[in-house]
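>>> Fold the following for me, if possible:
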Amino acid sequence: MARLKCKCGNSLSNSTDYETDVYYIFSKKEILEAIQENPQLLYWDFYTDREAECDYWFCPRCKRMMECSLKKGVVLRVYKPIRIKENDLNLETDSWAEFYSYSDNELLVLTDKNYEQGYKMTLREFYEKYPRKYFYRVSPDETRIFAFESNSKKLAFIYGQEEWSPIDPDIQK
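Residues are numbered from 1 along each chain as shown. Below you'll find the model as predicted:
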């Protein structure tokens, strides 16, 4: 069980608060390379065997996303929603790295719906068939995250990195 106190004061736990979602972020490049290397790789093996360095915690109260180091047990970065401005719509984001985000809850629902098949689904099947509401583009300096609707490719929302100190006692307890 892990606990985290958000900057807004909300206490988060990955075992007692089902509204707290822990997200796992996968780059499109990482997924496609894994599929190319092993077309029969099971999505569950890819998800569980991957040596992720970070988890991403979402606060349902203030909508912040916190990047947490698994090895160090600290928050590395905090992102908060920011308003879309007219000039954001004209930014050329196609060259920015593309990522997909899956929460624990989404992955559990998928597995529960397809229990017999869920653990046997290949990463390719998962990537091609599992609907993603959004895909994300991350700015080269990693200070902004743009979320696009998967179907329409329309800009849905933006997160901006928030200034804070990694040793701020109000964030971690």
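
>>> Mind listing what's buried along stretch 65-84?
Neighbour counts over stretch 65-84 (16 or more other CB atoms under 10 Å) mark 65-68, 75, 77-80 as buried. C-beta here means a position set from N, CA and C on the backbone, and glycine is covered the same way.

>>> check contacts around residue 22.
14, 55-58, 103-104 (CB atoms under 8 Å, 6 or more residues apart in numbering).

>>> One more: residue 104?
Taking CB under 8 Å, 6+ apart as the test, what residue 104 contacts is 14, 21-24.

>>> thinking again about what came up before, in helices, which of the contacts of residue 22 fall?
Those of the contacts of residue 22 mapping onto helices are residue 104, per DSSP state H.

>>> hmm, back to that, most neighbours among the contacts of residue 104, please name it.
Within the contacts of residue 104, neighbour counts (other CB atoms under 10 Å) peak at residue 21, which reaches 20 neighbours.

>>> Show me where this structure dips below the pLDDT cut-off.
1, 14-20, 50-52, 70, 108-119, 164-173 (pLDDT under 70).

>>> where do the strands sit along it?
3-5, 11-13, 21-27, 54-58, 65-69, 74-82, 97-103, 134-138, 144-149, 155-162 (DSSP state E).

>>> What strands line up against the longest one, and which way round?
Strand 74-82 has the following strand partners under DSSP bridges: strand 65-69 (antiparallel), strand 155-162 (antiparallel).

>>> Those: which one's closest to residue 10?
strand 65-69 (11.0 Å; CB to CB).

>>> how far out from the middle of the chain is that closest one?
10 Å (CA atoms, centre = their mean, to the nearest Å).

>>> now what about it, what contacts it?
So strand 65-69 is contacted by 4, 6, 23, 53-59, 74-80, 145, 159, 171 (CB under 8 Å, 6+ apart).

>>> Could you check the angle that strand makes with strand 144-149?
120 degrees (axes from the mean of the first three to the mean of the last three CA atoms, to 10 degrees).

>>> Need the strands of the chain in a markdown table (columns: distance to residue 125).
As requested, the strands of the chain are exported to a markdown table (distance: least, CB to CB, whole Å):
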| stretch | distance to residue 125 |
| --- | --- |
| strand 3-5 | 33 |
| strand 11-13 | 32 |
| strand 21-27 | 15 |
| strand 54-58 | 24 |
| strand 65-69 | 28 |
| strand 74-82 | 31 |
| strand 97-103 | 15 |
| strand 134-138 | 18 |
| strand 144-149 | 23 |
| strand 155-162 | 26 |
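
>>> Let me know which of those strands is the nearest to residue 40.
Of the strands of the chain, the one closest to residue 40 (CB to CB) turns out to be strand 21-27, at 18.3 Å.
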